[in-house]
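Participant: here is a sequence with its predicted model. Questions after.
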Amino acid sequence: MIRLEKRKEPSKFWRIANPFLAVALTMLAGAVMFAILGKDPIVAIRLIFFDPIFSETFGSYSRPQLLIKSAPLILIAVGLAIGFKANIWNIGAEGQYIIGALFGAGVALAFFPAPGWYIFPLMVVAGAFGGFLWAMIPAILKTRFNTNEILVSLLLVYVAEKILAAMALGLMRNPDIPGFPGSRDLRRYEAAHNAEIFANTGIHWGVVAALIAVIFAYAMMTRHMLGYHVRLAGQAPRAARFGGVSPARLVVICLGISGALAGLAGMFEVSGPGGQVRIEFASGYGFTAIIVAFLGRLNPIGIVLAGLLLGLTYIGGELSQMMLQLPSASIQVFQGMLLFFLLALDFQTNYRLRLTRGARA
Amino acid sequence: MRKPLLCLDGLTKAYPGVLANDDVSFEIGEGQVHALLGENGAGKSTLVKMIYGLVKPDTGQMTLRGQPYTPAQPSEARLNGVAMVFQHFSLFDALDVAENVALGMENPPALRDLARRIRDVSEEYGLPLDPSRLVGDLSAGERQRVEIVRCLLQDPKLLIMDEPTSVLTPQEVDVLFHTLRKLSAEGTAILYISHKLDEIRALCDEATILRGGRKVATCDPREKSSRELAELMVGQVLSPPERAERILGEVVLQVDKLSLASNNPFGTSLKDISFTLRAGEVLGIAGVAGNGQDELLLMLSGELPASAEQVKLKGQPIGHLGPNARRSLGLVAAPEERLGHAAAPDMSLTENALLSGAERKGLTKYGFIDWHATDAFAREIIARFDVRTPGPHVLARALSGGNLQKYVIGREIELDPDVIIVNQPTWGVDAAAAAFIRQALLDLASKGAAVLVISQDLDELLEVAESFAALNEGRLTAVRPAKGLSVEEIGLMMGGAHDMHPAHEGMA
């Protein structure tokens, strides 16, 4: 007979090993899926996970792309992880990302076409503020009316998407090209352009911001009282209250930080790689970042690695779409499987399977 | 000599790393009230679990009425006439008494018949119980009666009782003892587990004392003094805590007509609480669990804030302040629940030192944690309070209950407070550690701190406190000097509203 037994202490080994195991299992299950679709599984896996970096033909294009795709994922996930540690579940980073982009673009479009060094910094502040503001809606509803932040933040994503569409078609539409949705291209407005800092590396200000955020989050979680309180509230809420943590304040802080970082990510995207406010601007970074946060074990360093990996699947996904005519949804299936396998495997961090010799009478 | 009912012969049970029972042998006679005495971790629970069929011995035999007895599970033990009343009740609040009793029976009769039998049995043994009442509305003492009646309905030959008096007022204890003596007179043997020596001497015919898993002695407890029994149990000579003569100083803590709703839907609201506490004073607050002790602690520690003027520390209104602001001003607290409230289970002892030590020990600068100083603080607590642990990096939940208790109480004492509030300071702690903690609290008082001890252990309160009050359904009695209070008076202060003694209602 097989029995499940709760471990006395969560296994450290499986905590570290599970993300790697989950990636391996995802590759395996993905290979099976590709085989069923009639594609060569080995070629497809190689195309997604290895060619973007190592291939001679694609590498020069896709290597810089890796940082461009990973930076927003890391930036958002670092913020989410802080909240997740405190059991505060911001699922709506995608919405905060959109609103941050709209705030940032709004500042740029308001100044257009004036030059000025101060415009870009102002956009950064506005982007963070936009995301913060959007996250304050679930925060205040939770602290005032005890609503569930998971539902509220998630539903606000769809509201944000509607606002994005309205902006792209209305207020922010490029007046110079009538009849087409979408704002001016910020990449052509020098004062507002989030350009590459070093040519052909993919390093733009968002990458720098992600790096700073990782360092700050690491310092906060290990050295600062706020990080201590976050961990305390997540592990032992009553002890946290004994330690003087105000639960409401923590909700506001955690949602505020993650919202501001998601807003920043949106702003860096719209003023750089994305270029303009378009209806299809949002590409799911806010949701994928949830996977990044979990795969990175809510640890800032882990999140960097997980962000790079999931950034890779974005690029590899595009590549395999191009080369093998794989459906575009297959990459989302991939990301979904990754989270699925990780959560399933995490079961053995807390439990062990044990074989017993028959049932006792 | 009575006819032996149950003989234990060489029972041994090992768990990884511990020998819980080592070659334990003794006999329980028919109709005998036999005490099983020992500190926490002496192996009482394991032994009883073997008798009740919850644990299988590694070696050794049991014989029940001359027949080999090897219960594989509790239902088999019950079929053989062995019943047990656990320390923690297994009752459902939302069901009534009869339904709860039916759930614990092998073949329950129709509920109407059962209700009649419950009424008969409870009257016969002097344990009044209404079968149609919801268990959620019963007091702890009444819940225990449900458990006892459930056992009695099965007509047991041996009744095992695990620390039955820890939830009772002195008057309720008397009623229980009356019942147990009647049962014993009718030929039911009782195995009575406790560490309260006076009770054992009052009730039991014979006592078996365990220490470190081994039997130390079997004796007649009435022929030994409580002191002798305690020393057998602990294996060392105990000295009662010393009280230096203290001169009481200024009033440092003042609570004025405070009423406060509980933050827990099943909690007890505080009603019109008033008291004062002087420097150097130890005030003991007694009461049966669930009468507002948790709420009182939360209110005083600042976790459940009140209005500013109703709580004053050295004349300054602090009712609205949170825990850290109160700590800075000199008021600290140690809650009852060690794991999860006074300490975070999955954090190290160093991290737990920070939990309440940050303010008074200056462990942070601009919010940044000085881990080096925090670690030193944790080591200081471990050294001074003799916490047995490999080091401050160990997780709080890896410590035994007694060790963790020493750590969390020690942490608060080390903060050198002006006022310290403790709830159940020695709960689940062995006798030597309990004496140590009480002594530390008294030392703190002699240095001029005001100490408020909330406890269900009357002996403890009378040992340390000079003034005494009781909580009952969220109300606090007037504070009285502890000297000269009789147990009878204390019982009335504690249990005025329990329906068991309608004749005694009101203050004596």
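Facilitator: Arrived safely. Numbering: from 1, shown residues only, chains lettered A, B, ... in the order given.
Participant: next one: the residue of chain B found nearest chain A from residue A:269, what distance?
Facilitator: Across chain B, the shortest distance to chain A (C-beta to the nearest C-beta) belongs to residue B:324, at 3.6 Å. In short, each C-beta sits where N, CA and C put it, glycine included. If you measure residue B:324 against residue A:269 using C-beta to C-beta, to the nearest Å, the figure is 40 Å.
Participant: and these two? Which one has more around it.
Facilitator: Neighbour count, other C-beta atoms under 10 Å in any protein chain shown: between residue B:324 and residue A:269, residue A:269 has more, with 28 against 16.
Participant: residue contacts, the more buried one?
Facilitator: Listed by C-beta atoms under 8 Å, 6 or more residues apart in numbering or on different chains, the contact set of residue A:269 reads A:72, A:97, A:101, A:206, A:281, A:285.
Participant: what do you get if the cut-off is 7 Å, keeping everything else the same?
Facilitator: A:72, A:101, A:206 (C-beta atoms under 7 Å, 6 or more residues apart in numbering or on different chains).
Participant: quick one: it from residue A:94, how far?
Facilitator: When C-beta to C-beta is the yardstick, residue A:269 and residue A:94 sit 12 Å from each other.
Participant: how about the residues of chain A by chain B?
Facilitator: When proximity is defined as C-beta under 7 Å from any C-beta of the partner chain, chain A approaches chain B at A:223-226, A:228, A:232, A:235-236, A:238-239, A:241-244, A:246, A:360-361.
Participant: give me the contact list for stretch B:460-474.
Facilitator: By C-beta under 7 Å, 6+ apart, stretch B:460-474 touches B:240-241, B:268-271, B:275, B:281-287, B:291-293, B:296, B:426, B:438, B:441-442, B:453, B:455, B:476-482, B:485, B:493-497.
Participant: narrow those to just the buried residues.
Facilitator: Neighbour-count burial (16 or more other C-beta atoms under 10 Å in any protein chain shown) applied to the contacts of stretch B:460-474 gives B:241, B:268, B:270, B:275, B:281-287, B:291-293, B:296, B:426, B:438, B:441-442, B:453, B:455, B:476-477, B:479, B:482, B:485, B:493-496.
Participant: which of the contacts of stretch B:460-474 fall within strands?
Facilitator: Using DSSP state E, the members of the contacts of stretch B:460-474 that fall within strands are B:270, B:271, B:275, B:282, B:283, B:284, B:285, B:286, B:453, B:476, B:480, B:481.
Participant: which residue packs closest to residue B:348, ignoring adjacent ones?
Facilitator: residue B:393 (5.2 Å; C-beta to C-beta, 6 or more residues apart in numbering or on different chains).
Participant: any stretches of chain B with poor pLDDT?
Facilitator: Using pLDDT under 70 as the threshold, the predicted model of chain B has low-confidence ranges B:1-2, B:17, B:40-41, B:236-245, B:265-266, B:496-508.
Participant: need the residues of it near chain A, please.
Facilitator: When proximity is defined as C-beta under 7 Å from any C-beta, chain B approaches chain A at B:72, B:301, B:303, B:322-324, B:335, B:340-347, B:354-356, B:358, B:364, B:367-369.
Participant: select only the buried ones of those residues in PyMOL?
Facilitator: Selecting the buried subset of those in PyMOL, with 16+ other C-beta under 10 Å as the burial test, is done by:
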select buried, chain B and resi 301+303+322+323+324+335+340+341+342+343+344+345+346+347+354+355+356+358+364+369
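Participant: where does the stretch 251-361 of chain A have low pLDDT?
Facilitator: Under the criterion pLDDT under 70, the flagged ranges of the stretch 251-361 of chain A are A:356-361.
Participant: tell me which stretches of it form helices.
Facilitator: For the stretch 251-361 of chain A, applying DSSP state H, counting those that start in this stretch gives helices covering A:285-295, A:300-324, A:329-350.
Participant: give me whichever of the ones you listed is most buried.
Facilitator: Burial of the helices of the stretch 251-361 of chain A is given as mean neighbour count (mean count of other C-beta atoms under 10 Å in any protein chain shown); helix A:285-295 ranks first at a mean of 26.
Participant: who are the packing partners of that helix?
Facilitator: Contacts defined by 3 or more C-beta pairs under 7 Å, 6 or more residues apart in numbering or on different chains; DSSP states H and E place helix A:285-295 against helix A:56-85, helix A:93-111, helix A:300-324, helix A:329-350.
Participant: residue B:34 - that's part of a strand, no?
Facilitator: Yes - under DSSP: H, G, I helix; E, B strand; the rest coil, residue B:34 falls within a strand.
Participant: buried ones in stretch A:158-177, by neighbour count?
Facilitator: Residues A:160, A:161, A:163, A:164, A:165, A:167, A:168, A:172, A:173, A:174 are the ones in stretch A:158-177 that count as buried (16+ other C-beta under 10 Å).
Participant: ends of stretch A:276-287, what's the gap?
Facilitator: Start to finish, the residues bounding stretch A:276-287 are 21 Å apart (C-alpha to C-alpha, to the nearest Å).
Participant: same thing with stretch B:49-57?
Facilitator: Using C-alpha to C-alpha, the span of stretch B:49-57 from its first residue to its last is 9 Å.
Participant: gap between the residue in the stretch 51-200 of chain A that chain B sits nearest to and residue A:93?
Facilitator: Of all residues in the stretch 51-200 of chain A, the one sitting closest to chain B is residue A:85 (12.0 Å; C-beta to the nearest C-beta). Per C-beta to C-beta, residue A:85 is found 15 Å from residue A:93.
Participant: same thing with residue A:24?
Facilitator: Between residue A:24 and residue A:93 the distance, using C-beta to C-beta, works out to 27 Å.
Participant: quick one: which of the two has more around it?
Facilitator: The neighbour count for residue A:24 versus residue A:93, taken as other C-beta under 10 Å, is higher for residue A:93 (36 against 11).
Participant: list the contacts for the nearest residue to the more buried one once chain neighbours are set aside?
Facilitator: With sequence-adjacent residues excluded and distances taken as C-beta to C-beta, 6+ apart, residue A:93 is closest to residue A:286, at 3.7 Å. For residue A:286, the set of contacting residues under the criterion of C-beta under 7 Å, 6+ apart consists of A:76, A:93, A:94, A:95, A:97, A:262.
Participant: would you turn these into a markdown table with distance to residue B:380?
Facilitator: Converted to a markdown table, these look like this (distance: C-beta to C-beta, whole Å):
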| residue | distance to residue B:380 |
| --- | --- |
| A:76 | 42 |
| A:93 | 44 |
| A:94 | 49 |
| A:95 | 49 |
| A:97 | 48 |
| A:262 | 44 |
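Participant: now compare the residues you listed and name the two farthest from each other.
Facilitator: The distance between the two most remote of these (C-beta to C-beta) is 11.5 Å, for A:76 and A:95.
Participant: neighbour count winner among those two?
Facilitator: Comparing residue A:76 with residue A:95 by neighbour count (other C-beta under 10 Å), the higher total belongs to residue A:76, at 36 against 32.
Participant: residue B:468 belongs to a strand, doesn't it?
Facilitator: Yes - counting by three-state DSSP, residue B:468 falls inside a strand.
Participant: skipping its backbone neighbours, what lies nearest it in space?
Facilitator: When the adjacent residues along the chain are set aside, residue B:468 lies closest to residue B:482, with 4.3 Å between them (C-beta to C-beta, 6+ apart).
Participant: tell me the spacing between the one you found and residue B:407.
Facilitator: In terms of C-beta to C-beta, residue B:482 sits 28 Å off from residue B:407.
Participant: what about stretch A:28-36, distance to the chain center?
Facilitator: Taking C-alpha atoms, centre = their mean, to the nearest Å, one finds the center of stretch A:28-36 at 26 Å from the center of the full chain.
Participant: which parts of it are buried?
Facilitator: Judged by neighbour count using 16+ other C-beta under 10 Å, the buried positions of stretch A:28-36 are A:29, A:30, A:31, A:33, A:34.
Participant: kindly report the same for stretch B:301-309.
Facilitator: With burial defined by 16+ other C-beta under 10 Å, the residues of stretch B:301-309 counted as buried are B:301, B:302, B:303, B:304, B:305, B:306.
Participant: next: stretch B:71-87.
Facilitator: B:71, B:77, B:78, B:80, B:81, B:82, B:83, B:84, B:85.
Participant: now that stretch - C-alpha only, CSV.
Facilitator: As requested, C-alpha coordinates have been extracted for stretch B:71-87 and formatted as CSV (Å, rounded to 0.1, in the frame of the first residue of the first chain):
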residue,chain,number,x,y,z
PRO,B,71,-5.4,-4.2,21.3
ALA,B,72,-4.7,-3.4,17.7
GLN,B,73,-6.9,-0.3,17.7
PRO,B,74,-9.0,1.7,20.2
SER,B,75,-12.3,0.0,19.2
GLU,B,76,-10.8,-3.3,20.4
ALA,B,77,-9.7,-1.7,23.6
ARG,B,78,-13.3,-0.4,24.1
LEU,B,79,-14.7,-3.9,23.5
ASN,B,80,-12.5,-5.1,26.3
GLY,B,81,-13.9,-2.5,28.6
VAL,B,82,-11.1,0.1,28.4
ALA,B,83,-12.3,3.6,27.9
MET,B,84,-10.4,6.9,27.7
VAL,B,85,-11.1,10.6,28.3
PHE,B,86,-8.6,12.6,26.4
GLN,B,87,-7.1,15.9,27.5
